[in-house]
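In: only geometry, no sequence info:
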């Protein structure tokens, strides 16, 4: 009798559990159907064009209200100002003076008159002068136009290399970092483009991948993870190519622009204040360090949290790259990790997250999407608008994207991405 009672209770419990799973599976199924209706390629193109036109109108309204040239006829202080000025120094007979604060400030004053350039110091390694050299030969407006077109084409080209569909290129124009890079003339497109092209070429063209990665040394804070990842995954050709290009660029910059530039650049790194800026500006850093600093935490606590996050993320990314999983997921988690580990991260740099999302979408197109992830990615893109209010939202978005990537990796390892919702829910790791 006791056995019968126990068996009866067990049957009831199993029935309730099965009923619960069936209910969750039904919800997942409905969510998938809704997302399938919303996230079609034609609709994404329409949405993308709509947002792109909003940004175009926004930028255009500023263009006719003294964006580049003020009402007094003077050039306005855009971030491109320091890029163009560095090019002027690069083509001069004394390029090393670009690292002399007095000389750089004087050149800024001569160009802008009573205006102020956002950069009082040149804070990039001498290799960046190879990028800005051409612009020193052009008038300011022409240089700005060439820089903007060249870098945005590189960025969109990287997205197209990952997902060769027009809708992907259109969608890449929607994040809020896009109009910011256009308005400031900064290098976010260049950074994201080099990272995207490098990761897109890892499997089929490793030497070309290394070349793009070597060019990324102009912004070294975004290259921290790459050597560890390629060592862990034994991508020797990528690592050799990147190392060769980095050394070649570094030596060439020393020969062309003077070896003193390297010493001046290293000295400048030691002079940064608690905002990580050499100019004393209060920057809204989008890193974990920036988030805690913005929240009023001490410098010591902010650094402690950031370093802890860096160690955990670096280990996780390296481990993922040693596993036999989709290259798209490896690339996505590396892009997210690159953003998470650097303490010096500003709004215009967040175009890198577009590259991460592109790799996630590529994997979804190949293996099927999981319930809710496309909606979550859309929310992340919309969430980037919060930094207009100077809120360091990037760490939160990175955590969400990291979760989505981990979820796909778990599902990939269970080999259930193309299974029915009932099967997905039935596997614990895959139902996260």
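Out: Everything's here; your move. It should be emphasised that the depicted structure is a prediction, and the values quoted were computed from it without experimental measurement.
In: From here on, just use CA atoms for contacts and neighbour counts.
Out: Noted.
In: Now that residue 254 has come up, it's in contact with residue 126, right?
Out: Yes - using C-alpha atoms under 8 Å, residue 254 is in contact with residue 126, at 7.4 Å.
In: Where do the helices of the stretch 51-200 of the chain begin and end?
Out: 80-90, 101-112, 128-132, 140-162, 166-171, 177-184, 188-200 (DSSP state H, counting those that start in this stretch).
In: ok, back up a step: residue 254 and residue 126 - which one has more neighbours?
Out: More crowded of residue 254 and residue 126, by other C-alpha atoms under 10 Å: residue 126, with 31 against 17.
In: what's near enough to touch that one?
Out: Residue 126 makes contacts with 218, 250, 253-254, 257, 261-262, 265, as judged by C-alpha atoms under 8 Å, 6 or more residues apart in numbering.
In: ditto for residue 264
Out: Counting by C-alpha under 8 Å, 6+ apart, residue 264 has contacts residue 99.
In: That one sits in which helix or strand?
Out: Using DSSP states H and E, residue 264 falls within helix 260-269.
In: What mean pLDDT does that helix get?
Out: Throughout helix 260-269, pLDDT has a mean value of 82.
In: so how many other residues sit close to the residue nearest to residue 195 when sequence neighbours are not counted?
Out: Distances taken as C-alpha to C-alpha, 6 or more residues apart in numbering put residue 213 closest to residue 195, at 6.8 Å, once the chain neighbours are dropped. Using other C-alpha under 10 Å, residue 213 has 28 neighbouring residues.
In: wouldn't residue 373 be in contact with residue 404 here?
Out: Yes - Residue 373 lies in contact with residue 404 (C-alpha under 8 Å); the separation is 6.6 Å.
In: re the thing from before, residues shared between the contacts of residue 254 and residue 126?
Out: 261-262.
In: I'd like the helices of the stretch 51-200 of the chain as JSON lines, with mean neighbour count, mean pLDDT and distance to residue 60 appended.
Out: JSON lines is the format used below for these (neighbours: other C-alpha atoms under 10 Å; pLDDT from 0 to 100; distance: least, C-alpha to C-alpha, whole Å):
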{"stretch": "helix 80-90", "mean neighbour count": "24", "mean pLDDT": "90", "distance to residue 60": "18"}
{"stretch": "helix 101-112", "mean neighbour count": "16", "mean pLDDT": "80", "distance to residue 60": "22"}
{"stretch": "helix 128-132", "mean neighbour count": "21", "mean pLDDT": "93", "distance to residue 60": "25"}
{"stretch": "helix 140-162", "mean neighbour count": "19", "mean pLDDT": "94", "distance to residue 60": "14"}
{"stretch": "helix 166-171", "mean neighbour count": "20", "mean pLDDT": "90", "distance to residue 60": "19"}
{"stretch": "helix 177-184", "mean neighbour count": "21", "mean pLDDT": "89", "distance to residue 60": "10"}
{"stretch": "helix 188-200", "mean neighbour count": "26", "mean pLDDT": "96", "distance to residue 60": "19"}
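In: Out of those, the one nearest residue 408 is which?
Out: Comparing the helices of the stretch 51-200 of the chain by their distance to residue 408 (C-alpha to C-alpha), the top pick is helix 140-162, with 17.7 Å.
In: Residues in contact with the closest one: which ones?
Out: 80, 84, 135-136, 166, 168-169, 172, 182, 185, 187, 189-190, 192-194, 196-197, 200, 355, 358-359, 362.
In: what's the answer for stretch 332-346, then?
Out: For stretch 332-346, using C-alpha under 8 Å, 6+ apart, the contacting residues are 195, 221-225, 276, 283-290, 306-307, 309-310, 313-314, 317, 350, 352-353, 355-360, 395, 398, 401-402, 405.
In: can we see that at 7 Å?
Out: 221-222, 225, 276, 284-289, 310, 313-314, 317, 352-353, 356-357, 359-360, 395, 398, 402, 405 (C-alpha atoms under 7 Å, 6 or more residues apart in numbering).
In: Same question for stretch 200-219.
Out: Stretch 200-219 has contacts (C-alpha under 7 Å, 6+ apart) with 124-125, 127-128, 161-162, 191, 194-195, 197-199, 223, 237-239, 241-243, 245-246.
In: What are the buried residues along that stretch?
Out: 200-202, 206-218 (16 or more other C-alpha atoms under 10 Å).
In: which residue packs closest to the residue sitting nearest the centre point of the chain, ignoring adjacent ones?
Out: In the chain, the centroid-proximal residue (C-alpha atoms, centre = their mean) is residue 352; its distance is 1.7 Å. Spatial nearest neighbour of residue 352, chain neighbours left out: residue 192 (4.6 Å); criterion: C-alpha to C-alpha, 6+ apart.
In: quick one, what contacts that neighbour?
Out: 155, 351-352, 355.
In: now residue 89
Out: 95, 98.
In: Please report the distance of it from residue 190.
Out: 21 Å (C-alpha to C-alpha, to the nearest Å).
In: just residue 210 next, same as before
Out: 16 Å.
In: quick revisit: show me which residues of the helix or strand where the residue nearest to the centre of the chain lies are buried.
Out: Secondary structure assignment for residue 352, by DSSP H and E: helix 351-367. For helix 351-367, the neighbour count (16+ other C-alpha under 10 Å) marks 351-364, 367 as buried.
In: how about those, which pair is most distant?
Out: Farthest pair in the buried residues of helix 351-367, by C-alpha to C-alpha: 351 and 367, 25.0 Å.
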